[in-house]
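Enquirer: I would like the atomic coordinates for the input below:
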Amino acid sequence: MGEEQKPIKYEPERSIKQGYISLWKEMFKDTRESKWLIRQLFLRDFKAMYNQSLLGVLWAIIIPLITLGTFIVLRSSGLFSVGAIEVPYPIYALLGLIFWQLFVTGILQSTNSLTSAGTMIKKINFPREALIFASFGNTIVSFLIQIVIVSILFSIYGFVPNWKFVLFPLMVIPILLLTCGLGFIFSIINGIIRDLGRILSLGLTFLLFVTPILYEIPESGVVATLARVNPLFYLSTAPRDIALTGTISYPFGFFISCALSVFVFFFCWMAFHLTETRIAERI
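Expert: Got it, this is the predicted structure:
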């Protein structure tokens, strides 16, 4: 009889074997050492986007203004009720819309970041997280431009925001974490299902209409129920509340949404890091 065949021993990958603490240290170390690469990728994408665009940075203004204009027309024609709003409607709507647009733009750009760098991923060994983080550069630039537009509206209407408006930069962090976390997962899925970007565009357009950002939340009904379990509602409207009144209308919902954003970001980042060695095979 031949030699007895030894059983095959299966072991987890190196990233799992090294433990979660070492894994997190490795992730932060890779990101820290990729700062130069992230900056260069952002500058490349920024120049490519605006040098080859007819309207350039104006797109950051045009898209939210078109959405805002649509709701203003619907409201003035009596086809759509936004509720009893005590401040000028353009200010109310745009303050919520810029945070929504931050989420939408960040999701779409991060989702396509890996597939748009397919050749680079196959030929160069580097932390793939750099592509995701770099994709948020243009998103933040667009957000800053829209903040300027909001400030102009304040001047036009003679509206003085609450002094807590200075907290706006901190209010950006939770929705950025949520967006980036989902971007990690969607970018991987997009490598397998290439039309995910189009599906997301349609889904996010529908989600805008059922999320009370451009109108007050109804007292009851399907929209009210969906809003209460939708973290985007709290993350988009809480900053507006701070700017207009200095208080948050739904503090508990906002706190839970912030905690969820932190969890989604770190969980999805870890999942992305553990699978990045196989990304090149799918792109």
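Enquirer: tell me the contacts of Leu65?
Expert: For Leu65, the contact set (Cβ atoms under 8 Å, 6 or more residues apart in numbering) comprises Ile149. Quick note: C-beta positions are derived from backbone N, CA and C, even for glycine.
Enquirer: now do the strand or helix carrying it, average pLDDT.
Expert: In this structure, Leu65 sits in helix 59-76 according to DSSP states H and E. Averaged across helix 59-76, the pLDDT comes to 70.
Enquirer: which parts of the protein are helices?
Expert: Here the chain has its helices, by DSSP state H, at 14-17, 20-33, 35-51, 59-76, 89-111, 118-123, 129-157, 168-192, 196-210, 222-228, 231-244, 251-275, 279-282.
Enquirer: angle of the helix holding Leu65 against helix 35-51?
Expert: 60 degrees (axes from the mean of the first three to the mean of the last three Cα atoms, to 10 degrees).
Enquirer: return the distance of Phe263 relative to Val104.
Expert: Plainly put, Phe263 is 21 Å away from Val104 if you go by Cβ to Cβ, to the nearest Å.
Enquirer: what's the answer for Val87, then?
Expert: From Val87 to Val104 the distance is 24 Å (Cβ to Cβ).
Enquirer: what about those two, which has more around it?
Expert: Under the neighbour definition other Cβ atoms under 10 Å, Val87 and Val104 were set side by side, and Val104 has more, 21 against 16.
Enquirer: quick check, that one in contact with Leu202.
Expert: No. Using Cβ atoms under 8 Å, Val104 makes no contact with Leu202, being 11.9 Å away.
Enquirer: and the helices of the chain as a markdown table, adding distance to Glu216?
Expert: Converted to a markdown table, the helices of the chain look like this (distance: least, Cβ to Cβ, whole Å):
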| stretch | distance to Glu216 |
| --- | --- |
| helix 14-17 | 47 |
| helix 20-33 | 40 |
| helix 35-51 | 35 |
| helix 59-76 | 12 |
| helix 89-111 | 9 |
| helix 118-123 | 45 |
| helix 129-157 | 19 |
| helix 168-192 | 20 |
| helix 196-210 | 14 |
| helix 222-228 | 10 |
| helix 231-244 | 10 |
| helix 251-275 | 15 |
| helix 279-282 | 43 |
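Enquirer: lowest average pLDDT across those?
Expert: Among the helices of the chain, helix 14-17 carries the lowest mean pLDDT, at a mean of 53.
Enquirer: ok, Trp36 - how many residues close by?
Expert: Using other Cβ under 10 Å, the number of residues around Trp36 comes to 9.
Enquirer: disregarding residues adjacent in the polypeptide, which is nearest to Ala130?
Expert: Once flanking residues are discounted, Ala130 sits nearest to Ser34: 4.4 Å by Cβ to Cβ, 6 or more residues apart in numbering.
Enquirer: what sits against that neighbour?
Expert: The contact partners of Ser34, taken as Cβ under 8 Å, 6+ apart, are 126-127, 129-130, 133.
Enquirer: what's the closest of those residues to Val148?
Expert: Distance ranking of those against Val148, using Cβ to Cβ, places Phe133 first at 24.2 Å.
Enquirer: neighbours around the nearest residue to that closest one once chain neighbours are set aside, how many?
Expert: Distances taken as Cβ to Cβ, 6+ apart put Ile38 closest to Phe133, at 5.1 Å, once the chain neighbours are dropped. If you count neighbours by other Cβ under 10 Å, Ile38 ends up with 20.
Enquirer: and what of Arg39?
Expert: Neighbour tally, Arg39, other Cβ under 10 Å: 14.
Enquirer: next: Thr31.
Expert: A count of nearby residues for Thr31, using other Cβ under 10 Å, gives 16.
Enquirer: can you give me the distance of the residue nearest to Tyr92 when sequence neighbours are not counted to Leu43?
Expert: Leaving aside its sequence neighbours, Tyr92 sits nearest to Ile85 (Cβ to Cβ, 6+ apart; 5.2 Å). According to Cβ to Cβ, Ile85 stands 41 Å off from Leu43.
Enquirer: run the chain-centre distance for stretch 233-245.
Expert: On the basis of Cα atoms, centre = their mean, to the nearest Å, stretch 233-245 sits 17 Å off its chain's mean C-alpha point.
Enquirer: tell me which residues are up against that stretch.
Expert: Outside stretch 233-245, the residues that touch it by Cβ under 8 Å, 6+ apart are 87, 91-92, 95-96, 99-100, 103, 161-162, 164-165, 167-168, 171-172, 174-175, 178, 211-213, 217, 227, 247-250, 253-254, 256-258, 261.
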